[in-house]
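# make a model of this:
(4 chains)
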Number of protein chains: 2
Amino acid sequence: MARANSSHRPPGRPRSSVDAVVFEATLRTIHELGYTRATVDRIAAAAGVAKTTIYRRWPSKGELITACLVDAFGALPLTGTDREKDLATAIRWGAAKIGEPGVGAAFAGVFTDAVSDPALRRVLATRLQDPYRRALQEALGEPENRVLFIIDVVVGTLLHRMGITGEPMVDDDVDTLVEMVQRLLR
Amino acid sequence: MARANSSHRPPGRPRSSVDAVVFEATLRTIHELGYTRATVDRIAAAAGVAKTTIYRRWPSKGELITACLVDAFGALPLTGTDREKDLATAIRWGAAKIGEPGVGAAFAGVFTDAVSDPALRRVLATRLQDPYRRALQEALGEPENRVLFIIDVVVGTLLHRMGITGEPMVDDDVDTLVEMVQRLLR
DNA sequence: TCGGTATCGATACTTGAGGTAGCGAAATGG
DNA sequence: CCATTTCGCTACCTCAAGTATCGATACCGA
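The predicted model follows:
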């Protein structure tokens, strides 16, 4: 069995550290041109990198966007002690992240691509949905199907608004969303 | 100013009445292959019609799908006398329609195309969203922004579930959705 | 210092989908 | 019979995802 030796460097030229630059260029390009016109060619150009370099690191546009979103969303800031507060935090956190330039459009775009692409759907579920679903299950102490329902409501609503208006949801409506979903915990 | 004379037939060969056949073929193809692989070529073949005939009637794939959805959804069956009941009816009606074969996938697909296509977004808003928004405003007696919020929640949630699982929402969750949104009327 | 190896940018290519152009044939009304 | 329009058909254009290849380059170990 091969030993996992983190201090061992693989042979050959090491990869240049441009992942963060590519992520930033991806969101910026999507923000400026929209998801469809944000082609891999344009993203590569915006990052100052060859298209082949993109495909060497992420096997498809969908996986690039997914990795970009995982990087952009980061970790949910939950306390684990106050269920109502944690749910409100999660909703407001999601609304804020989806409102960041390019994030909402990227999310909506990759999500819809996934509808017709089972492989991408698995990647999206594993890398993006599962971590937050588990964190919420633990913090809220609710069964999986209930947490999945809440995720459908919150993410679906926020993305639908973003897709219709092109603008993030206003705070008043986020407040309504928070109150509405919080009742499910009582 | 040209007079609108509905009894006057325009000259030339009349269009063959295949709209319904094309709509049926569109939903069936999307149901069988998914939105992305349901190309206009394949839809035309499934309808037994030339691709150019499709483009003679609908200027783009997005407009074809929109017309198809307008035809599939039809009119909301509201009473106009019982607000709570009408809201529940609207939600269950929407859930049932989105669950019909091909409808949910078509809706999700054209919706996401619209995110990056302002012209299509206008078509979708005018032909699909506005009629139901107005009908709900009248039946519920709620202001426009409140009705728009409800539409975001209901449609967003149903489409998100459909996109994630590929299956329509189960009745129990639809019930929860109904109760959750009904509280907004009180 | 010099191979071995893997990444780099660049270019060219394949595949597939949306959409258009132009044709002769067919269907209507006058 | 003639003008007009739609029909199916074929060929085509544009653009985007993804692949293949090549010389150049960066790192490691001997």
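
# surely residue A:69 meets residue A:107?
Yes - using Cβ atoms under 8 Å, residue A:69 makes contact with residue A:107 at a distance of 6.1 Å. For every residue, glycine as well, the C-beta is placed using N, CA and C.

# higher neighbour count, the two?
residue A:107 (28 against 22; other Cβ atoms under 10 Å in any protein chain shown).

# now for that one: which residues touch it?
The neighbours of residue A:107, taking Cβ atoms under 8 Å, 6 or more residues apart in numbering or on different chains as the test, are A:69, A:98, A:159.

# tell me which element it falls in.
Assigned by DSSP states H and E, residue A:107 belongs to helix A:103-115.

# out of the contacts of residue A:107, which one sits closest to residue A:132?
Comparing those against residue A:132 with Cβ to Cβ places residue A:69 closest, at 11.4 Å.

# which helix or strand contains the closest one?
Under the assignment here (DSSP H and E), residue A:69 is part of helix A:61-73.

# do the helix or strand immediately after that helix in the chain and chain B meet at all?
With elements assigned by DSSP H and E, the helix or strand that comes after helix A:61-73 is helix A:83-99. No - Helix A:83-99 stays clear of chain B (Cβ under 8 Å from any Cβ of the partner chain), getting no nearer than 11.7 Å.

# now helix A:83-99: how far from the chain's centre is it?
14 Å (Cα atoms, centre = their mean, to the nearest Å).

# flag every buried residue along that helix.
A:83, A:86-91, A:93-95, A:97-99 (16 or more other Cβ atoms under 10 Å in any protein chain shown).

# stretch A:11-31 too?
A:18, A:22-31.

# one more: stretch A:164-180?
A:164, A:168-169, A:173-174, A:176-178, A:180.

# run the chain-centre distance for it.
That offset, for stretch A:164-180, works out to 18 Å (Cα atoms, centre = their mean).

# coming back round to it: can I get the contacts of residue A:107 in a markdown table including pLDDT?
Converted to a markdown table, these look like this (pLDDT from 0 to 100):
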| residue | pLDDT |
| --- | --- |
| A:69 | 98 |
| A:98 | 96 |
| A:159 | 95 |
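
# for these, which one is nearest DNA strand C?
Distances from DNA strand C to those, taken as Cβ to the nearest atom of the strand, are shortest for residue A:69 (21.2 Å).

# what about the most centrally placed residue in chain A, distance to DNA strand D?
Geometric centre of chain A, nearest residue: residue A:69, 3.5 Å, by Cα atoms, centre = their mean. Applying Cβ to the nearest atom of the strand, to the nearest Å, the value for residue A:69 to DNA strand D is 16 Å.

# what's the spacing between that residue and chain B?
15 Å (Cβ to the nearest Cβ, to the nearest Å).

# where does pLDDT dip in chain A?
Applying pLDDT under 70 to chain A flags residues A:1-7.

# for it, longest helix please?
helix A:144-165 (DSSP state H).

# what packs against that one?
Under the contact criterion of 3 or more Cβ pairs under 8 Å, 6 or more residues apart in numbering or on different chains; DSSP states H and E, helix A:144-165 touches helix A:83-99, helix A:103-115, helix A:130-140, helix A:171-182, helix B:103-115, helix B:144-165, helix B:171-182.

# any chance of TSV for those helices, columns distance to residue A:50?
Converted to TSV, the helices and strands packed on helix A:144-165 look like this (distance: least, Cβ to Cβ, whole Å):
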stretch	distance to residue A:50
helix A:83-99	30
helix A:103-115	22
helix A:130-140	31
helix A:171-182	41
helix B:103-115	28
helix B:144-165	33
helix B:171-182	47
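
# those: which one's closest to residue B:46?
Nearest of the helices and strands packed on helix A:144-165 (Cβ to Cβ): helix B:103-115, 13.8 Å.

# any idea how far whichever residue of chain A sits closest to DNA strand C is from residue A:135?
Nearest residue of chain A to DNA strand C, counting by Cβ to the nearest atom of the strand: residue A:12, 1.7 Å away. Distance from residue A:12 to residue A:135, counting by Cβ to Cβ, to the nearest Å: 37 Å.

# what's the answer for residue A:81, then?
14 Å.

# more neighbours: which of those two?
residue A:135 (17 against 8).

# cross-check the contact I'm expecting between the more buried one and residue A:77.
No - Residue A:135 is not in contact with residue A:77 according to Cβ under 8 Å; the separation is 10.1 Å.

# tell me how far stretch A:133-140 lies from the chain's centre.
With Cα atoms, centre = their mean, you get 17 Å for stretch A:133-140.

# does chain B sit close to that stretch?
No - using Cβ under 8 Å from any Cβ, stretch A:133-140 stays clear of chain B, coming no nearer than 10.8 Å.

# list the buried residues of that stretch.
A:133, A:135-136, A:139-140.

# so what touches that stretch?
Contacts for stretch A:133-140 (Cβ under 8 Å, 6+ apart): A:75-76, A:78-80, A:83, A:86-87, A:90, A:142-144, A:147-148, A:150-151, A:185.

# and stretch A:40-52, by the same measure?
A:18, A:21-22, A:24-26, A:28-29, A:33, A:53-55, A:61, A:64.

# cool, stretch A:158-177 as well?
A:91-92, A:94-95, A:98-99, A:104-105, A:107-108, A:111, A:153-154, A:157, B:111-112, B:114-115, B:121, B:125, B:129, B:145, B:149, B:152-153, B:155-156, B:159-160, B:184.
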